[in-house]
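1. Have a look at this prediction, sequence included:
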Amino acid sequence: MNHHQIVIVGGGTAGITVAARLKNADASLDVAVIEPSEKHYYQPLWTLVGGGMFEADESARNEAELIPYGVNWIKKRVASFSPAANSITTDDGETIGYDYLVVAPGIQINWDQVKGLKESVGKDGVCSNYSIDTVASTWKFIRELKQGVALFTQPAGAVKCGGAPQKICYLAEDHFRRTGVRDNVDVIFTLAGPRLFAVDRYRIVLEQVCQRKKVEPRYRHNLVEIRPASKEAVYRHMDTDEELVIKYDMIHVTPPMSAPDFVAQSELAGETGWVEVDKHTLQHTRFPNVYGLGDASSLPTSKTGAAIRKQAPVLVANLLASMNQQSPTASYDGYTSCPVVTGYDSLVLAEFDYSGQPAETFPFEQDKERFSMFMSKKFGLPAMYWHGMLKGRV
Ligand code: FAD
């Protein structure tokens, strides 16, 4: 049986960052990353791809170039976990053993949970930033719309980067205004939740953004069906269960998401399907040689790459402590960040922790739209991601 000291499931944001930090800490560690994809994507850029600022392929790098030196890349997909036997099985039936396991396979996108979506996305005005295959269609349909209704959706339940459904709405609105068609377009943002943002400090400014831009938020609207032939979006009202239909000329869909099935069906999952880890130490609650982080984890914070940047050093410190028969003492405070793009030159940088209290980086008030923060999102953060975070440096 193939065996490694540390096996990491998933070579995305979390998996690569943890692998790099482990090797930086101790180059002699035997680390393997199990990742089926040839490509790695910097997904935060997809908001700007949808807004026409970058091409989709600018978000991609070859996975091979990102696997840290000395780390084994097992180019396979994990199918199941056997934590009592300290092994995983890949989809071609190979069993791989480990001393320590890090689980980071990201979130699963459930396109088929909205009737008609899978068949229509990428065509006839239906678009989504949530896949490399469909993100280019967002900019195409925003650009083509000269009049009518532009609809944007946010589903019930956890999604990666909770602010992203709004960002593309604000970019589209700004584009309509800058190209002189704004008066002919109704911009509607529908969301299943009861408020625009979980943290009041940023919710207040985003409500003002909607008011100023005449973006109409419709709360408690959960998209359940797309009827491409009649260009209708069908919703269930979250409180009354009433069916509501809105006609669209273009619709950007944020699809429902969940823990990956192979995680949810495993012994590693808690009740909600996510990898059940301690919210401070990131150690599994029942299998002490298993750790988890990132979008697939049960950590009760907004699922972002920025959160992973703070989770990874805690996980690595605690994993190394476990390997030295010490208790894990490093603690993650729930820090997450959401750079809410509000136009082609403005952004509100929301940063907060488990308590919902702002945990801001900069010495100025971050509950304001700022050009400097927009520039940081467009140029600074991608560079920091590729050259700092994925190298285990920041
Ligand atoms: P991922 O980076 O998605 O990686 C998961 C990896 O696991 C993938 O490579 C996948 O191939 C692999 N995998 C899946 N299944 C298996 C399996 N069975 N076996 C082995 N490997 C498997 N974050 C921010 O911080 N700021 C932002 O502004 C921001 N904006 C966003 C905008 C959009 C449109 C999107 C889509 C995301 C955005 N995010 C943002 C979120 C951020 O990209 C994610 O939170 C982050 O990438 C999650 O990292 P992860 O490692 O948990 O999952």
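-> Yep, it's here. Numbers count the residues shown, from 1 in each chain.

2. I251: which element?
-> strand 250-252 (DSSP states H and E).

3. What helices and strands are in contact with that strand?
-> If you count contacts as 3 or more Cβ pairs under 8 Å, 6 or more residues apart in numbering; DSSP states H and E, strand 250-252 packs onto strand 126-127, helix 135-144, strand 148-154, helix 164-178. Placement of C-beta: from N, CA and C, glycine included.

4. Deepest in the core, which of these is it.
-> For the helices and strands packed on strand 250-252, average neighbour numbers computed from mean count of other Cβ atoms under 10 Å are highest in strand 126-127, which has a mean of 24.

5. Point out the residues in this protein that sit beside the ligand.
-> Selection of the chain residues close to the ligand by Cβ under 6 Å from any ligand atom yields 9-15, 34-37, 43-44, 46-47, 77-78, 104-106, 129-130, 160-161, 164, 260, 262, 294-296, 303-306, 308, 339.

6. quick one on the thing from earlier: now render the helices and strands packed on strand 250-252 as a markdown table, adding mean pLDDT and distance to D367.
-> What follows is the helices and strands packed on strand 250-252, written out as a markdown table (pLDDT from 0 to 100; distance: least, Cβ to Cβ, whole Å):
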| stretch | mean pLDDT | distance to D367 |
| --- | --- | --- |
| strand 126-127 | 98 | 30 |
| helix 135-144 | 98 | 27 |
| strand 148-154 | 98 | 21 |
| helix 164-178 | 98 | 15 |
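
7. Distance to V277 added to the ones you listed, as CSV?
-> Shown next, in CSV, are the helices and strands packed on strand 250-252 (distance: least, Cβ to Cβ, whole Å):
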stretch, distance to V277
strand 126-127, 34
helix 135-144, 30
strand 148-154, 26
helix 164-178, 24
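
8. which stretch among those comes nearest I251?
-> Of all the helices and strands packed on strand 250-252, strand 148-154 sits nearest to I251, with 4.3 Å by Cβ to Cβ.

9. What strands line up against the closest one, and which way round?
-> strand 185-191 (parallel), strand 250-252 (parallel) (DSSP bridges).

10. Highest mean neighbour count across those, which stretch is it?
-> Of the strands paired with strand 148-154, strand 250-252 is the most buried (mean count of other Cβ under 10 Å), at a mean of 27.

11. moving C-terminal of that strand, what's the next helix or strand?
-> Using DSSP H and E, the helix or strand that follows strand 250-252 in sequence is strand 257-258.

12. Just want the residue of the chain that's nearest the ligand.
-> Residue nearest to the ligand within the chain: G12 (1.7 Å; Cβ to the nearest ligand atom).

13. I'd say that residue and H40 touch.
-> Yes. With contact defined as Cβ atoms under 8 Å, G12 reaches H40; the gap is 6.8 Å.

14. Relative to the whole chain's centre, how far out is the longest helix along the chain?
-> For the chain, the longest helix by residue count, based on DSSP state H, is helix 305-323. Distance, stretch centre to chain centre, for helix 305-323: 18 Å (Cα atoms, centre = their mean, to the nearest Å).

15. Same check on stretch 299-316?
-> For stretch 299-316, the distance to the chain centre is 12 Å (Cα atoms, centre = their mean).

16. pull the CA atoms of that stretch into CSV?
-> Extracted C-alpha coordinates of stretch 299-316, given in CSV (Å, rounded to 0.1, in the frame of the first residue of the first chain):
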residue,chain,number,x,y,z
LEU,A,299,-15.5,26.2,10.5
PRO,A,300,-18.4,28.6,11.2
THR,A,301,-17.1,31.5,9.2
SER,A,302,-17.5,32.9,5.7
LYS,A,303,-15.8,30.5,3.3
THR,A,304,-13.0,32.5,1.6
GLY,A,305,-9.4,32.2,0.5
ALA,A,306,-8.6,35.1,3.0
ALA,A,307,-9.9,32.9,5.8
ILE,A,308,-7.6,30.1,4.7
ARG,A,309,-4.6,32.4,4.8
LYS,A,310,-5.2,32.6,8.6
GLN,A,311,-6.3,29.0,9.0
ALA,A,312,-3.3,27.4,7.4
PRO,A,313,-0.6,28.6,9.8
VAL,A,314,-2.7,27.5,12.8
LEU,A,315,-3.3,24.1,11.2
VAL,A,316,0.3,23.5,10.4
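
17. Tell me the buried residues in it?
-> The neighbour-count check on stretch 299-316 (16 or more other Cβ atoms under 10 Å) flags 299, 301-316 as buried.

18. Next, A158: secondary structure please.
-> Classification of A158 by DSSP: H, G, I helix; E, B strand; the rest coil places it in coil.

19. ok, it - how many residues close by?
-> Residues near A158, counting by other Cβ atoms under 10 Å, number 17.

20. isn't it right up against Q108?
-> No. Contact criterion Cβ under 8 Å: A158 and Q108 do not qualify, at 10.9 Å.

21. With P328 as the reference, name the closest of the strands paired with strand 148-154.
-> strand 185-191 (37.1 Å).

22. how about the strands of the stretch 251-394 of the chain, start to end?
-> 257-258, 290-292, 336-343, 346-352 (DSSP state E, counting those that start in this stretch).

23. Then the stretch 1-150 of the chain?
-> 2-9, 31-34, 39-41, 60-62, 72-74, 78-82, 87-90, 95-103, 108-109, 126-127, 148-154.

24. For W386, which of those is the nearest?
-> Closest to W386 of these, according to Cβ to Cβ: strand 60-62, at 7.0 Å.
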